[in-house]
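K.L.:
Structure here, sequence nowhere to be found:
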């Protein structure tokens, strides 16, 4: 935002952020989202517009997308409540009946509280072994502590089981220990004081025999600023990236989980940019990944993710979505992405 309160174009925003060295920080200002609170918000107008969109001659998908992708999550919750009060109908159920396919999935995800959406994604992943590592690391390692606690509370309420019980029964070995440690959320907060001795001790531990007693506490308890210093010192000391050591010493799910967590710690927006790029490279785009990331990051750091995507892959996220995504859901995903990066 400029001092006068006007909006800056995305490319200008990124240019300023990159000069300030903020493009790689996760929501450093809390304004790195593409979706902001809608200023001329009228809950009544929005509720009426959505009602007209589903009760007219045909379903007005563009009106539904326009309203829901231009309001903050908090505003969408207010619209849901107003719709219920005025029509005695549940907005979520009404839209679900009117829509289908990936657009239905996007709208359902937009209308749910963030913690419920996370809880459902986590539960689905833990029950489907092929995506457990990827999704569990993403949710448990990138959500703020309050949002993670809320997600775990909703998980227990909705599924009548603690997330830790599902993790314990569905995973094993280092992966299980890593996920359980992330659920506990005991990561140190950054004090602003650099502890050089601790960094040296951690580098020596990482250089020693590879046991989960070394790696799990290191990657789940130390603050990211400290860990980035450890990663740098490890590389200077051994001549190899910490990730290379993980690849050489671990296999399967344990390796995938440790690499994912290291990637989150080093540069969270780049971690998400890589995941989006991968989801777009598949023969059929992985809509579940695209929907989850764009919706969960559009109010926090999607501008940073876009900047990392363009820098690494030489093509904007907006163009990549435009080329790969087909059907009704394209306009919704493009609206969340917001703009082209030149």
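P.N.:
Ah, there it is. Predicted, not measured: the structure shown is a model, and the values here were computed from it. Residues are numbered from 1 along each chain as shown.
K.L.:
Model confidence for residue 162, exactly?
P.N.:
pLDDT, residue 162: 97.
K.L.:
meant to ask about residue 79, not that
P.N.:
97.
K.L.:
Same check on the one 4 residues further on?
P.N.:
Each residue has a pLDDT score; the one for residue 83 is 97.
K.L.:
again with residue 342
P.N.:
Here the pLDDT value assigned to residue 342 is 80.
K.L.:
Likewise for residue 213?
P.N.:
We have a pLDDT of 76 for residue 213.
K.L.:
Kindly report the same for residue 173.
P.N.:
Looking at residue 173, its pLDDT reads 88.
K.L.:
In contact with residue 175: list those residues for me.
P.N.:
By CB atoms under 8 Å, 6 or more residues apart in numbering, the contact list for residue 175 reads 132, 133, 253, 254, 257. To be clear about C-beta, it is placed using only N, CA and C from the backbone, and glycine gets the same treatment.
K.L.:
Pretty sure residue 292 sits against residue 108.
P.N.:
No. Judged on CB atoms under 8 Å, residue 292 makes no contact with residue 108 at a distance of 11.9 Å.
K.L.:
Those two: who's more crowded?
P.N.:
residue 292 (23 against 17; other CB atoms under 10 Å).
K.L.:
Quick one: low-confidence residue ranges for the stretch 201-342 of the chain.
P.N.:
210, 212 (pLDDT under 70).
K.L.:
Residue 226 is in what secondary structure piece?
P.N.:
For residue 226, the enclosing helix or strand under DSSP states H and E is helix 224-238.
K.L.:
what helices or strands is that helix leaning on?
P.N.:
Identification of packing neighbours for helix 224-238 by 3 or more CB pairs under 8 Å, 6 or more residues apart in numbering; DSSP states H and E yields helix 196-207, helix 212-221, helix 242-249, helix 252-266.
K.L.:
swap the cut-off to 7 Å and go again
P.N.:
When contacts are defined as 3 or more CB pairs under 7 Å, 6 or more residues apart in numbering; DSSP states H and E, helix 224-238 sits against helix 196-207, helix 242-249, helix 252-266.
K.L.:
elements contacting the longest one?
P.N.:
The one in question is helix 252-266. For helix 252-266, the packing partners by 3+ CB pairs under 7 Å, 6+ apart come out as helix 132-142, helix 173-184, helix 212-221, helix 224-238, helix 242-249.
K.L.:
Please identify which of the ones you listed is closest to residue 284.
P.N.:
helix 132-142 (17.4 Å; CB to CB).
K.L.:
just to revisit the earlier point, from the contacts of residue 175, pick the one nearest residue 281.
P.N.:
Using CB to CB, those come closest to residue 281 at residue 133, 18.8 Å.
K.L.:
Domains in this structure, by residue range?
P.N.:
Using automatic domain parsing, the domain ranges for the chain come out as 43-111, 114-184, 196-266.
K.L.:
Spit out the contact partners of residue 309.
P.N.:
Each residue near residue 309 by CB atoms under 7 Å, 6 or more residues apart in numbering is listed here: 273, 276, 277, 317.
K.L.:
if you set the cut-off to 8 Å instead, what comes out?
P.N.:
273, 276, 277, 315, 316, 317, 320, 341.
K.L.:
So among these, which ones count as buried?
P.N.:
Buried by 16 or more other CB atoms under 10 Å: 273, 276, 277, 316, 317, 320, 341, out of the contacts of residue 309.
K.L.:
just checking, which of those residues belong to strands?
P.N.:
Among these, none falls in strands (DSSP state E).
K.L.:
so of those residues, which ones are in helices?
P.N.:
Within the buried ones among the contacts of residue 309, residues falling in helices by DSSP state H are 273, 276, 277, 317, 320.
K.L.:
and the residue nearest to the fourth one when sequence neighbours are not counted, what helix or strand is that in?
P.N.:
To tie it back to what came earlier, the one meant is residue 317. Distances taken as CB to CB, 6 or more residues apart in numbering put residue 309 closest to residue 317, at 4.4 Å, once the chain neighbours are dropped. If you go by DSSP H and E, residue 309 is part of helix 302-313.
K.L.:
How far off centre is that helix?
P.N.:
14 Å (CA atoms, centre = their mean, to the nearest Å).
K.L.:
wait, isn't residue 289 in contact with residue 277?
P.N.:
No. Taking contacts as CB under 8 Å, residue 289 lies outside contact range of residue 277: 10.4 Å.
K.L.:
need the contact list for the closest residue to residue 140 other than its chain neighbours.
P.N.:
With CB to CB, 6+ apart as the criterion, residue 140 has its nearest non-adjacent residue at 3.9 Å, and that residue is residue 182. With contact set as CB under 8 Å, 6+ apart, residue 182 has these partners: 137, 140, 141, 220, 261.
K.L.:
Please report which of those has the highest neighbour count.
P.N.:
Neighbour-wise, the contacts of residue 182 (other CB under 10 Å) top out at residue 140, 26 neighbours.
K.L.:
Hmm, it is touching residue 181, no?
P.N.:
No. When contacts are counted by CB under 8 Å, residue 140 is not listed as touching residue 181 (9.2 Å).
K.L.:
remind me which residues of the stretch 1-150 of the chain are low pLDDT?
P.N.:
1-31, 129, 131.
K.L.:
let's see 90
P.N.:
Along the stretch 1-150 of the chain, the parts satisfying pLDDT under 90 run over 1-32, 36, 56-58, 127-133.
K.L.:
Brilliant, that's me finished.
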